[in-house]
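**Student:** Could you work out the structure for the sequence below:
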Amino acid sequence: MACSPWFSPTEYCCMLTDTKTRLAAGVRWLPHQWSSLGRQRLLLLIGSGVLFAAPLLLFQPAAYWAGDPELFRLLRGMGVLKIAIAVLALAVLWWRLGRPVRPRLQAVFLGGVWLLSLGAGLIWQLTLILPASGLFHCATLALLVAAWRDVEPRLAHRQTTVRDPLPARASARSAVSGPVAGSR
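**Tutor:** The predicted model follows:
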């Protein structure tokens with residue numbers, strides 16, 4: 001079946017629901033799947049990138065740190081660690097957004113990673129160190145609490161892997177042995 005360019009997007013999506021047709025057309029994701037998964041991940045990347053780059057573009061590094069080179073190196077090292085933590089949180093959230101997330105938790109996850117990126121950018125730029133570190137640590141705490149409260153993946157995993165072995169044993173025992181001798 002040849003696809004003509006005059007089909008409406010809805011008709012074209014309906015035609016691509018068949019797996020063979022989708023594979024022949026080279027379409028891996030349907031548009032409604034892209035809108036939920038891709039939009040969340042794109043929002044995560046763009047927000048993190050903009051909030052990390054904003055302090056780098058808006059502020060100049062504080063000149064008074066140049067007077068103490070050891071402290072300057074220490075603070076830049078802290079900045080590198082904060083950037084690594086923010087990138088790790090971004091990677092974990094990228095993975096987590098591949099599964100359904102409640103809207104409130106999704107907002108906390110996105111806001112937390114965005115604030116981690118902003119705090120890391122401020123610390124790297126050596127401006128507003130105290131508020132930036134407070135912001136960074138509060139965002140880390142918010143992400144940890146949100147991850148602790150995210151129970152859907154654990155419940156889904158438990159439902160697929162844990163089965164109640166007791167009823168199976170009881171029914172197998174009664175079918176094999178029959179009634180117990182001496183009981184009436």
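**Student:** What helices and strands are in contact with the helix ranked longest in the chain?
**Tutor:** Secondary structure assigned by DSSP state H gives helix 69-96 as the longest helix of the chain. Applying 3 or more C-beta pairs under 8 Å, 6 or more residues apart in numbering; DSSP states H and E, we find helix 69-96 packed against helix 39-58, helix 103-124, helix 129-149. The way it works is simple: take the backbone N, C-alpha and C, and place the C-beta from them, glycine included.
**Student:** mind checking which of those is nearest Ala86?
**Tutor:** Nearest to Ala86 among those is helix 103-124 (4.2 Å), distances taken as C-beta to C-beta.
**Student:** can you give me phi and psi for Arg99?
**Tutor:** Phi and psi for Arg99, reported as degrees, to the nearest 10, are phi -120, psi 160.
**Student:** Correction: the previous question concerned Asp150.
**Tutor:** Backbone torsions of Asp150, given as degrees, to the nearest 10, read phi -80, psi 90.
**Student:** so how many other residues sit close to it?
**Tutor:** Asp150: 17 surrounding residues under other C-beta atoms under 10 Å.
**Student:** Pretty sure it sits against Arg104.
**Tutor:** No - here Asp150 lies out of contact with Arg104, judged by C-beta atoms under 8 Å, at a distance of 10.4 Å.
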